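K.L.:
mind folding the following:
(3 chains)
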Amino acid sequence: MSSTPFDLNRVVELLVRVRETKPLVQNITNYVVMTLSANVLLALDASPAMVHAAEEVEDFVGLSSALVINIGTLSPTWVEGMQRAAARAVALGKPWVLDPVGCGATPYRTGVAAELARARPTIIRGNASEILSLAGAASAGGKGVDSTASSRQALAAAGELAKTTGAVVAVTGVIDYATDGSSVIAVESGDALMTRSTGLGCALSAATAAFASVAPPLEAAAAALTVYGAAGKHAAEKCRGPGSLPAELCDALYALDGTLLRRHAVVSVHEQPAAL
Amino acid sequence: MSSTPFDLNRVVELLVRVRETKPLVQNITNYVVMTLSANVLLALDASPAMVHAAEEVEDFVGLSSALVINIGTLSPTWVEGMQRAAARAVALGKPWVLDPVGCGATPYRTGVAAELARARPTIIRGNASEILSLAGAASAGGKGVDSTASSRQALAAAGELAKTTGAVVAVTGVIDYATDGSSVIAVESGDALMTRSTGLGCALSAATAAFASVAPPLEAAAAALTVYGAAGKHAAEKCRGPGSLPAELCDALYALDGTLLRRHAVVSVHEQPAAL
Amino acid sequence: MSSTPFDLNRVVELLVRVRETKPLVQNITNYVVMTLSANVLLALDASPAMVHAAEEVEDFVGLSSALVINIGTLSPTWVEGMQRAAARAVALGKPWVLDPVGCGATPYRTGVAAELARARPTIIRGNASEILSLAGAASAGGKGVDSTASSRQALAAAGELAKTTGAVVAVTGVIDYATDGSSVIAVESGDALMTRSTGLGCALSAATAAFASVAPPLEAAAAALTVYGAAGKHAAEKCRGPGSLPAELCDALYALDGTLLRRHAVVSVHEQPAAL
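P.N.:
Sure, this is the predicted structure:
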């Protein structure tokens, strides 16, 4: 973490930096969330590209500012592209974000997630069940791709996962946490309605990659959680239901400023709690 | 069909049961409708998962409450996952819904649909052209994936298809029908605007799978038609055009109660008419 | 170009013709934009179908009125379907539109685009960077899939590309151009907000295919640019941000008439400028 204290002023600063640098974010992500992920990145003034084929992923990593790999709709040909892209990102020193969707649901999925977690991601972003499973917790309690555990319950596992992988780990839930294994940033924002519209967590991972191109990992993860959670809370207040939430979320990300951010988000910095 | 008479009270009861049980619905569906299908399921408080790879479909069926297989964007590797998932669902006694998108358009598509129809689906949901084609009617009159026949014209074929496959067959159109080959439930609701926004039929098939996890097939199919049609009619009244319809539909599904259901839907039970 | 002068009256005439003939438009397109492309076509009263597998693409071309091939999310198995479909469309005398998404970004992508450009597309639609790259310009200046050059800068290259491929070339940007290598139609409409929501260019290519089924290529390309740009400008005025833009765009396409078209678009016909 940088020596600058992490607070909402710092988040605004990083948001402005994303908007100014317009990072090209490469997405190897699942079919369900591609459109929303692209729209979230465009709303932040980043430039999204969905490029996954083994024939071109490595070349494209060379052009990108950051990469996100999301295993939502896995299949073997895609996994090859994911592994090549991750290796190239590490080789080039570019940040990459792993979203281990549904980790724990099937042996195949858990195996792919664990292998990617060993490929030196910069940030891992998941819900509590996914992080518990990826950290090897005995009973992860996932239900398909939705979590049955709380983010607080996964915080110790997140810290362990950060230590074993070298990645910053972000766990989302009622309260969102980002940890590097020693410091934890807690973000209070968002709204329960966000769990009733598909892919909002996945699109957050894409936004996290944009922030990872302009800041150190812990700050990037926490800034993305804060910006996204504040926009989501604002959108949830304005929309009529979960159907109209994604459009409102992108509109809110597009319009977000320091005033809205302060109205909708609280951040605090803590020490990593020990494993339970 | 259960001994309870099928009416709007029963539909409300089943809607509540879906919301309470939050079924995990596995979708092997086409790229175009994945996002909407997930959002429709989440609006109903079901938990959607899009999992199609042969490497994990069978394991995932073991976790799921119901499965939907939709052949909209076919390719051979996907067909393998579809067949494995269907067989596992039958082996485990879990309900599965077949949506034979575009059946009749090409020999490949018709062949895959026919093979899946023999794999003991619990419910088959399609438009009139698709059901006529799948039932082997001489001249199905499909136009790509849109129907050129009316649901009434396909009702006799639907009854035959129900008898040959053992599935309940739901045919959607101006009036929607669900038949097990002896009883027919007719649902009047919905709006013509629903044909001007993509994937609403496919997302209905996903909703049908959710209901199939809480009720016998004929009731499940009819309840899904009713809930979805009522929400669609409400959404069509509120939206400004087909672009804003999907968001309004999910908002309506989220907010739906007995009052809205009774305002927007009429159901009636009939005997299956003989083949023409 | 037909002997009818190209003006907004002609655009209205072609829009009516699309609505009356309801062309079946086959899309082999990228995952990100499938839903929006289908919704744009449905808003125009065309009938979209997303069919890409080598096992059925040729049969489906036989049913279709027009075809669009978009290389946004490339992979080798899809490329086989693209090539077969293009060849069949040419053999059957059906119009097809090439959208060379991200051409210039990687050697693989550029190679596939160049090969498809030699397969006799009726219309090629891209942003300035893509057209410059496809025309073989030394420095195309693409940034992933977004353009860093202006459409005016690509106009000479577009004319050259039209001559070498025999296709009409449409370049979109602040001003949109369609050229057959001798005449240029310039369209002023649209809004900068359209670059902040994903896939609007790709869905325009799908709309272009619908118009190509009812008019000669230069008129078809220009009419699509005009209708789409006018609807986009109208939508940008009505929406709250980029998140709500796509729904407003489809609503505007659905409602578009001569009055709205004249309020939001200006067209003019010019001679093709020489290469710089």
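K.L.:
near chain C, which residues of chain A are found?
P.N.:
On the criterion CB under 8 Å from any CB of the partner chain, chain C has as its neighbours in chain A the residues A:24, A:26, A:31, A:34-35, A:38-39, A:42-43, A:45, A:47-53, A:55-56, A:59-60, A:63-64, A:77, A:246-255. C-beta here means a position set from N, CA and C on the backbone, and glycine is covered the same way.
K.L.:
so which bits of the stretch 1-150 of chain A are right by chain B?
P.N.:
Of all the residues in the stretch 1-150 of chain A, those in contact range of chain B (CB under 8 Å from any CB) are A:30-33, A:35-36, A:72-76, A:102, A:105-109, A:143-146.
K.L.:
if we can go back for a sec, derive a PyMOL selection command for the buried subset of the residues of chain A next to chain C.
P.N.:
Entered in PyMOL, the line below selects the buried ones among these, by 16 or more other CB atoms under 10 Å in any protein chain shown:
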select buried, chain A and resi 24+26+31+34+35+38+39+42+43+45+47+48+49+50+51+52+53+55+56+60+63+64+246+247+248+249+250+251+252+253+254
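K.L.:
so which of the residues of chain A next to chain C sit within helices?
P.N.:
A:34-35, A:38-39, A:42-43, A:59-60, A:63, A:77, A:246-255 (DSSP state H).
K.L.:
my understanding was that A:G229 contacts A:V267; is that so?
P.N.:
No - under the criterion of CB atoms under 8 Å, A:G229 is not in contact with A:V267, lying 9.6 Å apart.
K.L.:
shared neighbours, these two?
P.N.:
With CB atoms under 8 Å, 6 or more residues apart in numbering or on different chains applied, the overlap between the contact sets of A:G229 and A:V267 consists of A:187-188.
K.L.:
okay, those two: which has more neighbours?
P.N.:
A:G229 (25 against 22; other CB atoms under 10 Å in any protein chain shown).
K.L.:
can you give me the mean pLDDT across the helix or strand hosting that one?
P.N.:
Assigned by DSSP states H and E, A:G229 falls within helix A:217-238. For helix A:217-238, mean pLDDT is 98.
K.L.:
and it, what does it pack onto?
P.N.:
helix A:8-21, strand A:123-127, strand A:168-172, strand A:176-179, strand A:183-188, helix A:200-212, helix A:245-255, helix A:258-264 (3 or more CB pairs under 8 Å, 6 or more residues apart in numbering or on different chains; DSSP states H and E).
K.L.:
that one: which residues count as buried?
P.N.:
So for helix A:217-238, counting by 16+ other CB under 10 Å, buried means A:217-236.
K.L.:
stretch A:178-193 too?
P.N.:
Along stretch A:178-193, these residues count as buried under the neighbour rule (16+ other CB under 10 Å): A:178-181, A:183-187, A:189-191, A:193.
K.L.:
what's the closest of those to B:P242?
P.N.:
A:L193 (24.4 Å; CB to CB).
K.L.:
now do stretch A:116-123, average pLDDT.
P.N.:
Confidence over stretch A:116-123 (mean pLDDT, whole number) is 97.
K.L.:
flag every buried residue along it.
P.N.:
Residues of stretch A:116-123 classed as buried by neighbour count (16+ other CB under 10 Å): A:116-117, A:119, A:121-123.
K.L.:
now do stretch A:148-156
P.N.:
By neighbour count, and taking 16+ other CB under 10 Å as the criterion, the buried residues in stretch A:148-156 are A:149, A:151, A:153-156.
K.L.:
stretch A:36-52: how far from the chain's middle?
P.N.:
The gap between the average C-alpha position of stretch A:36-52 and the chain average comes to 13 Å, counting by CA atoms, centre = their mean, to the nearest Å.
K.L.:
ok, now stretch A:14-33?
P.N.:
Here stretch A:14-33 shows a centroid-to-chain-centroid distance of 11 Å under the convention CA atoms, centre = their mean.
K.L.:
start and end of it, how far apart?
P.N.:
With CA to CA, to the nearest Å as the measure, the first residue of stretch A:14-33 is 25 Å from its last.
K.L.:
show me the contacts for A:T21.
P.N.:
By CB under 8 Å, 6+ apart, the residues touching A:T21 are A:65, A:213-214.
K.L.:
make TSV from the residues you listed and add distance to C:L200 to it.
P.N.:
Compiled in TSV, these are given as follows (distance: CB to CB, whole Å):
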residue	distance to C:L200
A:S65	23
A:S213	24
A:V214	26
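K.L.:
near chain B, which residues of the stretch 151-276 of chain A are found?
P.N.:
Residues of the stretch 151-276 of chain A lying near chain B (CB under 8 Å from any CB): A:195-199, A:239-244, A:246-247.
K.L.:
so which of those comes closest to B:A91?
P.N.:
Comparing these against B:A91 with CB to CB picks out A:T198 as the nearest, at 28.9 Å.
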